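> one predicted model, sequence on top.
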Amino acid sequence: MMSCISNTIQFHEFLNLVLVVPICNKSAKVLWPTCCHSFSICLINKSMSSCICLGPKRAGKTHLLMALQDPDSIDSTSYSMPTIGTGIYRINFPVQSPSGDSNPNKHLPKSIQILEIGGSMAPLWRQYFEDVKKLIYVVDTSNLCQISAAGVLFYSILTEPRLQKVKILLVLSKMDYSYRQMRNEALLMLQMSKLQKQIRQQVTIVEASAVTKVGLDEIYQWLQRP
Ligand SMILES: Nc1nc2c(ncn2[C@@H]2O[C@H](COP(=O)(O)OP(=O)(O)O)[C@@H](O)[C@H]2O)c(=O)[nH]1
Ligand SMILES: [Mg+2]
């Protein structure tokens, strides 16, 4: 029975037939998945987003993207179903206060589309690496047991030839749930200080929480930058 279930999941993941777009039921604060059984939509997604969001299962990707979309949609009672397949999010940047003609932000984009690729799709992530300009990698800082696995996946991204010029944002998520020491431990376990001297990509590190909204402004700024 178990092998039958796991075969079924792998079959769906492999074919990528299910597109799950989490939507927020505000009253219950549960992010319900809606399934679109369209293979063509998945193909459109692949070509439409130059920014992708990756990370292990339950790292906090969906919560973070929902919070960037609408900060009020997430609070400490929010719960999301695992993303099976991909989810696409259009994020509108907060409007800056107008400051006349010399406003340096006036030529910056007003919104961005981000494609979340579920952690269970890790073996298939590379299918989505074409034409990627920016990559958000989310690591759950409150779960140090997951860090080694997160590190292995992160290294596979850093060594991918098609991602050598990509700008990377490493998000240390769930900071409301973590101690300061855990953030340091996470960076140590990922060997970030050593890595940053060896890799070609520009990696920006942000501490964030979808619940307290810490770090969201920094993420907006990073996303808006060319
Ligand atoms: N305390 C806290 N919990 C979070 C935060 N973000 C996500 N979570 C929890 O982690 C679970 C998994 O998050 P989700 O965004 O679905 O992870 P994903 O699989 O990477 O998309 C959620 O159901 C929340 O309970 C956060 O910023 N703070
Ligand atoms: Mg998700």
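Arrived safely, thanks for sending. Ligands and ions are numbered 1, 2, ... in the order given.

> contacts and neighbour counts: CA atoms only from here.
Noted.

> tell me the residues of this structure that contact ligand 2?
Thr62, Thr83 (CA under 5 Å from the ion).

> can you give me the neighbour number for the closest residue to Ile157 other than its chain neighbours?
Using CA to CA, 6 or more residues apart in numbering and skipping the chain neighbours, the partner closest in space to Ile157 is Leu163 (7.1 Å). Number of residues near Leu163 (other CA atoms under 10 Å) recorded here: 21.

> with Asn143 instead?
Around Asn143 there are 16 residues (other CA under 10 Å).

> can you tell me the element Met182 falls in?
In this structure, Met182 is located in helix 180-189 according to DSSP states H and E.

> same question for that helix, mean pLDDT?
Helix 180-189 carries an average pLDDT of 89.

> for the residue nearest to Ile157, give its distance to ligand 2.
Distance of Leu163 to ligand 2, given as CA to the ion, to the nearest Å: 22 Å.

> pLDDT wise, what is that residue at?
You'll see Leu163 listed with a pLDDT of 97.

> what's the answer for Pro82, then?
At Pro82 the predicted local distance difference test score is 84.

> what's the neighbour count on it?
Under the neighbour criterion other CA under 10 Å, Pro82 is assigned a count of 19.

> got phi/psi on Tyr225?
Quick fix: residue 225 is Arg, not Tyr. The main-chain torsion angles of Arg225 are listed as degrees, to the nearest 10 and equal phi -60, psi 140.

> note down every partner strand of whichever helix or strand Ile114 is part of and its orientation.
Counting by DSSP H and E, the element that carries Ile114 is strand 111-117. Taking DSSP bridges as the criterion, strand 111-117 forms sheet pairs with strand 51-54 (parallel), strand 86-92 (antiparallel).
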